[in-house]
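Student: What follows is a protein structure lacking sequence information:
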């Protein structure tokens, strides 16, 4: 019983990180209307950014989060300028192939600059366990959950209440009509991309802190997991994407429990294939980003 | 009366098709300007050129003293030209009030930094938008539907929301693309009076419409297009008497042809 609960807790914590990745992913796809394959590489850069922030400013997870958000936000601007800006009206596969190229460049540049080996991440928190009834979780797990919940709520508030959120939703639904209403489509799409990439950066930091390790090639499977989770919401519905992330974390952890840890990624991709076979349009009605 | 929108020799060619061919037009301030013509005459294309969706192949358009050639749609919207669409293009998954908020975006001055820091200026901006938005909805009788998703409203209502969204821009010129399409006679009557009322409140309006009763009773000047070319421009009376217009709508020598068939 205790074993099952601890799997459940691990699944939820891991799932919440996947949910954060998927949130960023669905914001980007929702706003630009184009699929991205740079998301995993952005997360990897977020992990590296947080590592150097920890080294420079000390092991504070909030400073790390801000640092990786800023670095990945800037990376988001570059990716937008290179892969999206000229192709918003072009056939979708052009931007898609462009993002694949960009992801290869980022990954290989990172391997050249940072080296290809796995590196240990700083331990941010003492390995202390908190007991709440039958549930046991570490301080780190609690902090991860708190960060993800706060970010998700903040994002939801931003999109439903602020004028920038409302304009971005308008742009995601109909770019022509939005521009004829005086909205700057390019600026909104850029802002959406920056937010999505920034969230990916924080997710990258959390996963590297959680695993206590990171490396230049970690982006590939992570990007695919963000994609798998977002597919549940038809790529653009953030609520379903977050749910998909949580679900993915649980499936992985229960899957590992009955098999072996080296099969971790298999469960994510079986999940992806099953969704694509039985519900390829996702569980949400199409309608731009929703939160 | 000053000239608000001046189109000079405007053409738009799609490959070999001359969708709009050498059209001149002047809309004066205070006009209700009607554009009519058979299907495929290039009316909507002409609107799209004016609002910046298409770039004209040749020609020059000036709006309120600014040249519109090379301007992006959002810049033109900010100069004070708002429009509705023939096939409704509301933000379907947003509430009616949020749709109208979008129209007000051009008027707010506060930037992203204000939004993040939640400054007083930002809060008063949001407050202002909300009040003005409710006012616009009220004037169109849409207040009870303010929280309904725009996509769930009836067709006639959606047309009204589109007009409300365009009015929120505070436009100097309002372009209405077939505002009465799909409405019954009663709704058309109501809409016509609403348009005339808007005009009295100071809005200059240009509209495309197929319903002749609507156009003849509301517009003070009418432009007739056929196969992309201007065939007539003038007051409703002049247009009604024009031979070219009758030919465009009813065909040349139709009666003669019939006689021939009978014999």
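Tutor: All right, it came through fine. Computed from a predicted model, the values in this text were never measured in an experiment.
Student: When you work out contacts or count neighbours from here on, use the C-alpha atoms and nothing else.
Tutor: Will do.
Student: can you give me the end-to-end distance of stretch A:132-141?
Tutor: Stretch A:132-141 has an end-to-end distance of 13 Å (criterion: CA to CA, to the nearest Å).
Student: Let me see the ranges of the helices in chain B.
Tutor: B:43-50, B:73-79, B:96-104, B:112-117, B:120-139, B:155-168, B:185-200, B:212-218, B:236-241, B:243-250, B:254-262 (DSSP state H).
Student: For chain A, which residues are neighbours of chain B?
Tutor: By the rule CA under 8 Å from any CA of the partner chain, the part of chain A lying against chain B is A:162-164, A:166-167, A:170, A:173-174, A:176-184, A:287.
Student: any idea how far residue B:158 is from chain A?
Tutor: Separation of residue B:158 from chain A (CA to the nearest CA, to the nearest Å) stands at 14 Å.
Student: residues in contact with that residue?
Tutor: B:88, B:90, B:150, B:151 (CA atoms under 8 Å, 6 or more residues apart in numbering or on different chains).
Student: What about those, which one has the most neighbours?
Tutor: Among those, residue B:90 has the most neighbours (other CA atoms under 10 Å in any protein chain shown), with 25 neighbours.
Student: can I assume that residue is in contact with residue B:160?
Tutor: No: contact criterion CA atoms under 8 Å: residue B:90 and residue B:160 do not qualify, at 10.5 Å.
Student: Quickly list what's touching both of those two.
Tutor: Here residue B:90 and residue B:160 have no joint contacts, going by CA under 8 Å, 6+ apart.
Student: Who are the packing partners of the strand or helix carrying residue A:197?
Tutor: Using DSSP states H and E, residue A:197 maps to helix A:185-211. Contacts defined by 3 or more CA pairs under 8 Å, 6 or more residues apart in numbering or on different chains; DSSP states H and E place helix A:185-211 against helix A:2-32, helix A:39-57, helix A:61-79, helix A:139-161, helix A:163-173, helix A:175-180.
Student: So, low pLDDT: which residues of chain A?
Tutor: By pLDDT under 70, the low-scoring segments of chain A are A:284-291.
Student: For chain B, what is the nearest residue in it?
Tutor: Residue nearest to chain B within chain A (CA to the nearest CA): residue A:182, separated by 4.0 Å.
Student: Show me which of the residues of chain A next to chain B are buried.
Tutor: A:162-164, A:166-167, A:170, A:173-174, A:177-184, A:287 (16 or more other CA atoms under 10 Å in any protein chain shown).
Student: Skip the chain neighbours and tell me the closest residue to the residue in chain B positioned nearest to chain A.
Tutor: Nearest residue of chain B to chain A, counting by CA to the nearest CA: residue B:74, 4.0 Å away. Nearest residue to residue B:74, sequence neighbours excluded (CA to CA, 6 or more residues apart in numbering or on different chains): residue A:182, at 4.0 Å.
Student: secondary structure class for that neighbour?
Tutor: Following DSSP: H, G, I helix; E, B strand; the rest coil, residue A:182 is assigned to coil.
Student: I figured it hits residue B:75, correct?
Tutor: Yes: if you go by CA under 8 Å, residue A:182 and residue B:75 touch, sitting 6.5 Å apart.
Student: any idea how far residue B:205 is from residue B:83?
Tutor: For residue B:83 relative to residue B:205 (CA to CA), the value is 10 Å.
Student: what is in contact with those two at once?
Tutor: Residues touching both residue B:83 and residue B:205 (CA under 8 Å, 6+ apart) are B:174, B:175, B:176.
Student: will you turn the residues you listed into CSV that also has pLDDT and distance to chain A?
Tutor: Shown next, in CSV, are these (pLDDT from 0 to 100; distance: CA to the nearest CA, whole Å):
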residue, pLDDT, distance to chain A
B:174, 91, 12
B:175, 91, 11
B:176, 91, 13
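Student: how about the nearest residue to residue A:11, chain neighbours excluded?
Tutor: Nearest to residue A:11 is residue A:250, by CA to CA, 6+ apart, at 4.1 Å.
Student: cool, and residue A:201?
Tutor: Distances taken as CA to CA, 6+ apart place residue A:46 nearest to residue A:201, at 3.8 Å, with adjacent residues excluded.
Student: Residue B:80 now?
Tutor: Per CA to CA, 6+ apart, closest to residue B:80 is residue B:171, 4.4 Å.
Student: Let me see the contact set for the one you found.
Tutor: Here residue B:171 is in contact with B:80, B:81, B:82, B:203 (CA under 8 Å, 6+ apart).
Student: With respect to residue A:208, which of those is nearest?
Tutor: When those are ranked by distance to residue A:208 (CA to CA), residue B:82 comes first, at 49.8 Å.
Student: Please verify my assumption that that closest one contacts residue B:166.
Tutor: Yes: using CA under 8 Å as the test, residue B:82 is close enough to residue B:166 to be in contact (5.2 Å).
Student: That's all I had, so thanks and see you.
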